[in-house]
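> no FASTA, just this:
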């Protein structure tokens, strides 16, 4: 008999057991096909790569939203390692992917109360300003330096996700003056307990400084910044975990746009890479926004950590010239 949860639906564990091997198979297919083909990547029909991109991004979008990491942080190391594209084009598409996945999930998250615009706006403004500086530096650095730095950063992100102890409902005794002036507060409806839980934030000035740093790194590597948005919102500002994951998508949609324009102005965005990636990511993100309400975020988070560790090691070795 099939194991079922309290709602009478198939268990999350069985659903993820089916999803994970399919996703990993699709992630490794393009690289393996290129290695097995007589002429390498050049002998594969041109339409295989856009098709593979859209399918891979579909699964990445499903994982990114519930984990609250944004699509770019998964897209750049995986596509940069397994697809035969120049890293500048991958980073440019990565920013578009991060923005598209966030925009696709945004309306659903706002509707169900898992994202807050008053919280997102000031933080997104800070991240947008610094992301332009990051994009300028990223396009000026040599490819091997960016690839190696990206590998180290991805491994650092995975480590941060492993070590960070997030609180489902942080307790904020008193909001700071700046958050009161900006009117940043809200009520979160917990579908598990059925209760409406009010929330407020503190340490808002420190949060603005943190998001300046996050935006710079996001623009530098084209990975967005969802990996740092969620722990920053949750641990530093005191936002409930699911509201932090939802609001992270809203911040990504606004902050990524600034750096995206710089990559576009410098010719680092190719439609044949960006379009199928964005389409796949947007469709997957819509499903991911729904999964956020029914799946345990901790299970999705473990899957994302595993993918990041693998992609980070490969990216680092590729930057060092050890793994081509």
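Done, it's in. In this text, all values refer to a predicted model and were calculated from it rather than measured experimentally.

> which residue ranges form the helices in the stretch 51-200 of the chain?
For the stretch 51-200 of the chain, applying DSSP state H, counting those that start in this stretch gives helices covering 72-82, 87-111, 117-140, 143-163, 177-182.

> out of those, flag the one nearest residue 242.
helix 87-111 (9.4 Å; Cβ to Cβ). Every C-beta, even on glycine, is put in place using the N, C-alpha and C of the backbone.

> just checking, what packs against that closest one?
Helix 87-111 is packed against helix 48-67, helix 72-82, helix 117-140, helix 143-163, helix 204-221, helix 241-265, helix 271-294, with contacts defined by 3 or more Cβ pairs under 8 Å, 6 or more residues apart in numbering; DSSP states H and E.

> ok, the nearest residue to residue 173 once chain neighbours are set aside - contacts?
Leaving out its chain neighbours, the residue that sits closest to residue 173 by Cβ to Cβ, 6 or more residues apart in numbering is residue 202, at 8.0 Å. By Cβ atoms under 8 Å, 6 or more residues apart in numbering, residue 202 lies in contact with 172, 173, 174, 175, 176, 179, 237, 238.

> adding pLDDT and neighbour count, write those residues out as TSV.
Formatted as TSV, the contacts of residue 202 follow (pLDDT from 0 to 100; neighbours: other Cβ atoms under 10 Å):
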residue	pLDDT	neighbour count
172	81	16
173	81	7
174	86	8
175	87	19
176	88	18
179	88	23
237	89	27
238	86	22
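
> wait, which of those is closest to residue 90?
Of the contacts of residue 202, the one sitting nearest to residue 90 (Cβ to Cβ) turns out to be residue 237, at 31.5 Å.

> can I assume the closest one is in contact with residue 203?
Yes: using Cβ atoms under 8 Å, residue 237 is in contact with residue 203, at 6.0 Å.

> tell me who's in contact with residue 273.
So residue 273 contacts 50, 53, 85, 89, 90, 93 (Cβ under 8 Å, 6+ apart).

> and the gap between residue 187 and residue 197?
7 Å (Cβ to Cβ, to the nearest Å).

> can you say which of the helices of the stretch 51-200 of the chain is nearest to residue 299?
helix 143-163 (13.3 Å).

> quick one: contacts of that closest one?
Applying Cβ under 8 Å, 6+ apart, the contact partners of helix 143-163 are 69, 73, 76-77, 80, 86-88, 91, 138, 141, 217, 221, 223, 227-228, 231, 301, 304-305, 308-309, 311-321.

> report the buried members of those residues.
Buried subset of the contacts of helix 143-163 (neighbour count, 16 or more other Cβ atoms under 10 Å): 69, 73, 76-77, 80, 87-88, 91, 138, 217, 221, 223, 227-228, 231, 301, 304-305, 308-309, 311-319.

> and stretch 238-249, how far out from the chain's middle?
Centre-to-centre, stretch 238-249 and its host chain are 13 Å apart (Cα atoms, centre = their mean, to the nearest Å).

> that's all I had, so thanks and see you.
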